[in-house]
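Student: I would like the atomic coordinates for the input below:
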Amino acid sequence: QVHLVESGGGLVQAGGSLSLSCAASGRDFSNSAMGWFRQSPGKGREFVAVINWNGRSTNYGDSVKGRVTISRDNAKNTVYLRMGSLKPEDTAVYYCAASGLSYSVVMAEYGYWGQGTQVTVSS
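Tutor: Prediction:
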């Protein structure tokens with residue numbers, strides 16, 4: 001059974017930093033794209049960042065570009081999201097996801113999802 005487990009969320013002040021991790025188990029995702037998405041109350045799920053299978057290609061949502069970095073460690077089957085210069089509007093549940101493709105920026109092509117981790121940015 002496939003599991004994606006996010007960790008690292010929490011409460012942080014505006015301007016601060018936070019690092020999220022997502023550990024996958026039950027399947028080897030070393031050949032798969034992985035990504036981070038987020039959802040705020042009353043809003044749809046939003047694309048944050050994706051990374052291709054070998055970590056050499058990344059893509060970021062416009063709202064976070066320049067403030068976050070996605071990376072992965074295939075030996076650990078883990079993907080990371082480092083976030084800085086956080087804003088209150090970054091408050092959301094952050095979800096890790098994995099795709100069956102080697103690279104994709106299309107949310108619908110991510111079929112494996114974690115339960116999410118809450119990030120709250122106070123002003």
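
Student: going forward, measure contacts between C-alpha atoms and count neighbours the same way
Tutor: OK.

Student: Next, the contact list for residue 98, please.
Tutor: Shown in contact with residue 98 (Cα atoms under 8 Å, 6 or more residues apart in numbering): 29, 32-35, 110-113.

Student: could you show me where the strands are in the chain, in order?
Tutor: With DSSP state E, the ranges of strands along the chain come out as 3-7, 10-13, 18-25, 34-39, 46-51, 58-60, 68-73, 78-83, 92-99, 110-113, 117-122.

Student: Tell me which other helices or strands the shortest one touches.
Tutor: Spelled out, it's strand 58-60. Contacts defined by 3 or more Cα pairs under 8 Å, 6 or more residues apart in numbering; DSSP states H and E place strand 58-60 against strand 46-51.

Student: ok, the strand it packs on: who's next to it in the sheet?
Tutor: Strand 46-51 sits in its sheet next to strand 34-39 (antiparallel), strand 58-60 (antiparallel), going by DSSP bridges.
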